[in-house]
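Asker: With the sequence up front, the predicted model follows.
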Amino acid sequence: MGLQTTRAVVAGSLRISNTSKLVTLITERRGLVKVMARGARRPTSRFGAALEPITVAAVIYYAKENREIQTLSSADIIEDYPRIKADLRAL
């Protein structure tokens, strides 16, 4: 499968270690994809706020068919919907 580039909605994230996150993405072509974002919790992370829930992002990840968790390479914010995040009832 190799390198995959797609738009995705961040469904949620889980802290794995002091520096890494397990992020669940809803992608256009592959559906639900779990990716490991190494270094995402560091203050100088290249991912920044792109991995916050309810964020639409352009993501690049390395995919292998025999793995359940893929490796995230980059994520850039397309849309972040601050009004929805501020209103918990709407969420």
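Answerer: Structure received.
Asker: what's stretch 17-36 in contact with?
Answerer: Contacts to stretch 17-36, defined as CB atoms under 8 Å, 6 or more residues apart in numbering, come from residues 4, 6-16, 37-42, 51, 59, 61, 63, 68-72. Just so you know, the C-beta spots here come from the backbone N, C-alpha and C atoms, and that holds for glycine as well.
Asker: Show the subsequent helix or strand relative to the helix or strand hosting D76.
Answerer: Using DSSP states H and E, D76 maps to strand 69-79. Scanning forward in sequence from strand 69-79 by DSSP H and E, the next helix or strand is helix 82-86.
Asker: Figure out how far the strand holding D76 is from the centre of its chain.
Answerer: 5 Å (CA atoms, centre = their mean, to the nearest Å).
Asker: Same question for stretch 22-29.
Answerer: Distance, centroid of stretch 22-29 to centroid of chain: 6 Å (CA atoms, centre = their mean).
Asker: in it, what's buried?
Answerer: Neighbour-count burial for stretch 22-29, counted by 16 or more other CB atoms under 10 Å, picks out 22-25, 27.
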